[in-house]
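Participant: Need a 3D model of the following:
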Amino acid sequence: MDWWRSAVERRKRVEARLGYALRDQAWKYLRQLYDKTPRDAVEAEELIEYLAEKARDAFTLAALQGIATTPREPAPSFLPTRQRNNDRLVALSRVLAALAGRDKTVLRFRQQVLGGRLLAPEETEHWITGQAACDGEPTVWLSLPLPPGVHPKPGETLSLTVPLERYRVDVPILSYVVPGDRWVRRKPIAIDGVLGQLHQLSKSLSRRYGWHEAAATTFVLTGLVPRITAMQSSVYAHVAYPALQRITLQLDPVLTPAEVAVAYRTLRTRIVGKQQIRTQSPKHLALAVFAVEYPDGSLRERMAEWNRRYPKWRYNQVTNFGRDLRTALRRLLGTPTKHWETFFGKP
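Facilitator: Here you go, the predicted structure:
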């Protein structure tokens, strides 16, 4: 079945474009907003981009209104309370947490804000929600490009006329983890409030100890120990051209090449399946390039140009030439392009 006829596959591609999972209700809303089954890959790509854009707009609007309906991201994990030191990464996790716990800024926050006591994990959500209400409305940052020649000094007042579409709006977001929840939670915050302080502290700890920012927040509040892993992976999925899909691995140098190979093979299989990726010959690579660099004229005229440029790969049948052009380009890109009609005409 063509992927674009399946609502499940369309959802996967929207989530890949966004970089996070959608809640079921959010996906239901998007489908109702634009509930249509694409007729082909070209229309499907346009639909995917449209739905992703609407999802981004909805998240921005929710953040501006202080609503905590936020994108999903898998939550980082923590060590069990009584985890034994029988593993290098467990020991490393505990040592880093102990060092972070002695950090002056962490000690000061816990003393001044938490009254010298740590929260129980189940208190995290209630405390953050209550503190957000005390801090007031979330901060809204407005950024815009300055006209050429304008160089304001600190404290100077400017009067500018800038088209609305040139503004960019950002809202600071506190990331945190509620133990037992599979997803990172986020809260729009007031930057000058207590949660603003916590946000800055979490970012600092994240950079220093290699923790996820959400794990750092939960560590400050509860003392739970963020788990250090030997490998983290991410996948960049390109909807229009799957050939641009990329796998990123962050590796602990102690991993052996064999261990990395096994992990990569497992991840690759999960993404592309067990299909073999066929290597294209120099002829078919040349065909793919020729298809887009010489799109003008009929297939017969283009075949004549091909034969002139590549006499050793000469074609006599227009139909075979057109078939091989399409096959070569599709195989290189991984999908039909949005502009097939530009590259392939009638004989």
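
Participant: three-state assignment of His199?
Facilitator: helix (DSSP: H, G, I helix; E, B strand; the rest coil).

Participant: And the average pLDDT for the strand or helix carrying Leu267 is what?
Facilitator: Assigned by DSSP states H and E, Leu267 falls within helix 257-272. For helix 257-272, mean pLDDT is 84.

Participant: Helices of the chain, start to end?
Facilitator: Per DSSP state H, the chain carries helices over the ranges 7-18, 24-33, 41-64, 88-101, 104-112, 124-135, 194-209, 213-222, 257-272, 282-293, 299-309, 318-333, 340-343.

Participant: Tell me which of those helices lies nearest to Leu118.
Facilitator: Smallest distance to Leu118 across the helices of the chain (CB to CB): 5.6 Å, for helix 213-222. C-betas here are computed from N, CA, C, even on glycine.

Participant: That closest one packs against which elements?
Facilitator: Packing partners of helix 213-222 (3 or more CB pairs under 8 Å, 6 or more residues apart in numbering; DSSP states H and E): helix 104-112, helix 124-135, strand 173-176, helix 194-209.

Participant: how near is the residue lying closest to Arg268 once chain neighbours are set aside to Asp135?
Facilitator: Once flanking residues are discounted, Arg268 sits nearest to Ile247: 6.8 Å by CB to CB, 6 or more residues apart in numbering. Ile247 sits 40 Å away from Asp135, going by CB to CB, to the nearest Å.

Participant: and if you look at Pro148?
Facilitator: In this view, Pro148 and Asp135 are 38 Å apart by CB to CB.

Participant: The two: who's more crowded?
Facilitator: Legend: neighbour count by other CB atoms under 10 Å for Pro148 and Asp135, higher for Asp135 (19 against 6).

Participant: Which residues are in contact with the more buried one?
Facilitator: Applying CB atoms under 8 Å, 6 or more residues apart in numbering to Asp135 gives the contacts 189-190, 192-196.

Participant: cool, and Leu92?
Facilitator: Leu92 neighbours (CB under 8 Å, 6+ apart): Ile228.

Participant: if we can go back for a sec, which strands or helices does the helix holding Leu267 pack on?
Facilitator: Using 3+ CB pairs under 8 Å, 6+ apart, helix 257-272 sits against strand 231-236, strand 246-251.

Participant: List the buried residues for that helix?
Facilitator: 263, 267 (16 or more other CB atoms under 10 Å).

Participant: Equivalent analysis for stretch 324-331, please.
Facilitator: For stretch 324-331, by 16+ other CB under 10 Å, it's 324-326, 328-329, 331.

Participant: Stretch 110-119 now?
Facilitator: 110, 113, 119.

Participant: Neighbour count added to the contacts of Asp135, as CSV?
Facilitator: Putting these into CSV (neighbours: other CB atoms under 10 Å) gives the following:
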residue, neighbour count
Ile189, 26
Ala190, 20
Asp192, 11
Gly193, 18
Val194, 17
Leu195, 25
Gly196, 17
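
Participant: Go through those and name the one nearest Gly155.
Facilitator: For the contacts of Asp135, the nearest to Gly155 is Asp192 (17.9 Å; CB to CB).

Participant: tally of neighbours for the closest residue to His199 other than its chain neighbours?
Facilitator: Distance criterion CB to CB, 6+ apart; nearest residue to His199, sequence neighbours excluded, is Leu174 at 4.9 Å. Leu174: 22 surrounding residues under other CB under 10 Å.

Participant: so what's Leu174 bridging to?
Facilitator: Beta-bridge partners for Leu174, by DSSP bridges, are Lys187.

Participant: quick one: contacts for it?
Facilitator: Contacts of Leu174 were listed using CB under 8 Å, 6+ apart, and they are 128, 186-187, 189, 195, 198-199, 202, 217.

Participant: go on, Leu119?
Facilitator: 127, 221-222.

Participant: Lys54 - how many residues pack around it?
Facilitator: Lys54: 15 neighbours (other CB under 10 Å).
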